[in-house]
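S.K.: fold the following and give me the result.
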Amino acid sequence: MTEFGFRYFAYDANTGFSLNGTKMKMKGVCMHHDQGALGAAAYRDAVYRQVEILKEMGCNAIRASHNAPSKILLEACNELGMLMMDEVYDGWAYAKNGNSNDFSKYFNQTLGENNHLIGGSSDEKWYQFALESFVNRDKNDPSVVMWSIGNEINFGVPNTTNATYVAEYEGYASNMIQWIQDIDPTKPITHGDNNVAGNASDLRTHVDELLAASGGVVGLNYSPGVYGSLHQRKPDWCLVGSETVLLSTAAESILRKVSSHRPAITRIPLMTPMP
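M.R.: Presented below is the predicted three-dimensional model:
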């Protein structure tokens, strides 16, 4: 038996996001993959519990921060009616926050001979193989309404306004946009941009330009104060608040209360359009 779901959605620079023909404001969270004291493994009951609690809090969307989510999380989002910004990478080619063992270590390396990876060619780079595998895995999940290719990609780059690094990152972005659209042209592409000042010469702005030109959505981290002015300057850009505020003490209190006193949730079948 194959489970599947139906939905249609659209993004408009002036009216925002709509799902199944109805305008909807995304009220989401950036949720990291770990399960607290349970660790990094994805346990089905724990993941479903997370999504159920978030729905009770009023959330309708999750950003997979900042790496490919487990398939279990996508299944929970499909079944319970939660939108997903599916994010594949945090940083790109340079180590983030001094972490020399993050994915940047492999980003530009080729798979090499005898890699034993299904579909992996020896001269293919890891960032292409990982991205294409990710999109192929998740392209039919109805909860996924946006692909994200990175988050605050400036960290680790020696100089974000230097022409050499700008060109390098434009190349990565162009490649990733093309690879995604070759597999799945139905969803827009974004990234989390923390260039609040909007420096036109910064590589993040150049990536924003490429995303917008390809029909994507420009993600803005911690900058709700610039939404209006940016929309005036770039009226054709679709925008999303990819990260907006840190979890407050009040929100933590609500989360604890909901977690402790929550009724059972009736799960919806996958064929039902997401609310």
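
S.K.: the stretch 151-275 of the chain: strands as residue ranges?
M.R.: 189-193, 217-221, 238-243 (DSSP state E, counting those that start in this stretch).

S.K.: from the ones you listed, which stretch is densest packed?
M.R.: By mean neighbour count, with neighbours taken as mean count of other Cβ atoms under 10 Å, strand 189-193 ranks first of these at a mean of 26. C-beta coordinates here come from the backbone N, C-alpha and C atoms, glycine included.

S.K.: contact partners for P69?
M.R.: H33, M84, D86, E87 (Cβ atoms under 8 Å, 6 or more residues apart in numbering).

S.K.: could you look up the SS state of it?
M.R.: Assigned by DSSP: H, G, I helix; E, B strand; the rest coil, the conformation of P69 is coil.

S.K.: what's the single longest helix in the chain?
M.R.: Longest among the helix segments of the chain by residue count, using DSSP state H, is helix 163-183.

S.K.: pLDDT weak spots in the stretch 151-275 of the chain?
M.R.: For the stretch 151-275 of the chain, the stretches flagged by pLDDT under 70 are 246-275.

S.K.: so N108 touches Y94, yeah?
M.R.: No - using Cβ atoms under 8 Å, N108 makes no contact with Y94, being 10.2 Å away.

S.K.: residue boundaries of the helices in the stretch 1-150 of the chain?
M.R.: In the stretch 1-150 of the chain, the helices defined using DSSP state H, counting those that start in this stretch lie at 44-56, 71-80, 104-107, 126-138.

S.K.: just name the most buried of those helices.
M.R.: It is helix 71-80: most buried of those by mean count of other Cβ under 10 Å, with a mean of 21.

S.K.: which residues outside it are in contact with it?
M.R.: 3, 5, 33, 42-44, 47-48, 50-52, 55, 62, 64, 82-84, 86, 137-138, 141-144, 265, 267-270.

S.K.: same deal with stretch 7-23?
M.R.: Stretch 7-23 has contacts (Cβ under 8 Å, 6+ apart) with 24-26, 83, 142, 145, 188, 217, 231, 235-240, 273-274.

S.K.: pull out the buried members of those.
M.R.: The neighbour-count criterion (16 or more other Cβ atoms under 10 Å) marks M24, M26, L83, P142, V145, P188, V217, W237, C238, L239, V240, M274 among the contacts of stretch 7-23 as buried.

S.K.: those into JSON lines, with extra columns for distance to N115?
M.R.: Shown next, in JSON lines, are those (distance: Cβ to Cβ, whole Å):
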{"residue": "M24", "distance to N115": "42"}
{"residue": "M26", "distance to N115": "38"}
{"residue": "L83", "distance to N115": "35"}
{"residue": "P142", "distance to N115": "32"}
{"residue": "V145", "distance to N115": "33"}
{"residue": "P188", "distance to N115": "31"}
{"residue": "V217", "distance to N115": "34"}
{"residue": "W237", "distance to N115": "39"}
{"residue": "C238", "distance to N115": "38"}
{"residue": "L239", "distance to N115": "39"}
{"residue": "V240", "distance to N115": "36"}
{"residue": "M274", "distance to N115": "38"}
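
S.K.: and which of the residues you listed is nearest E152?
M.R.: Set against E152, the nearest of the buried ones among the contacts of stretch 7-23 by Cβ to Cβ is V240 (15.0 Å).

S.K.: quick one: contacts for the most centrally placed residue in the chain?
M.R.: For the chain, the residue sitting closest to the mean C-alpha position, by Cα atoms, centre = their mean, is E87 at 3.1 Å. By Cβ under 8 Å, 6+ apart, E87 lies in contact with R63, A64, S65, H66, N67, A68, P69, W147, S148, I149, G150, N151.

S.K.: hang on, the earlier thing: now the helices of the stretch 1-150 of the chain in a markdown table, with distance to G156 and mean pLDDT?
M.R.: Formatted as a markdown table, the helices of the stretch 1-150 of the chain follow (distance: least, Cβ to Cβ, whole Å; pLDDT from 0 to 100):
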| stretch | distance to G156 | mean pLDDT |
| --- | --- | --- |
| helix 44-56 | 30 | 95 |
| helix 71-80 | 27 | 96 |
| helix 104-107 | 7 | 97 |
| helix 126-138 | 15 | 97 |
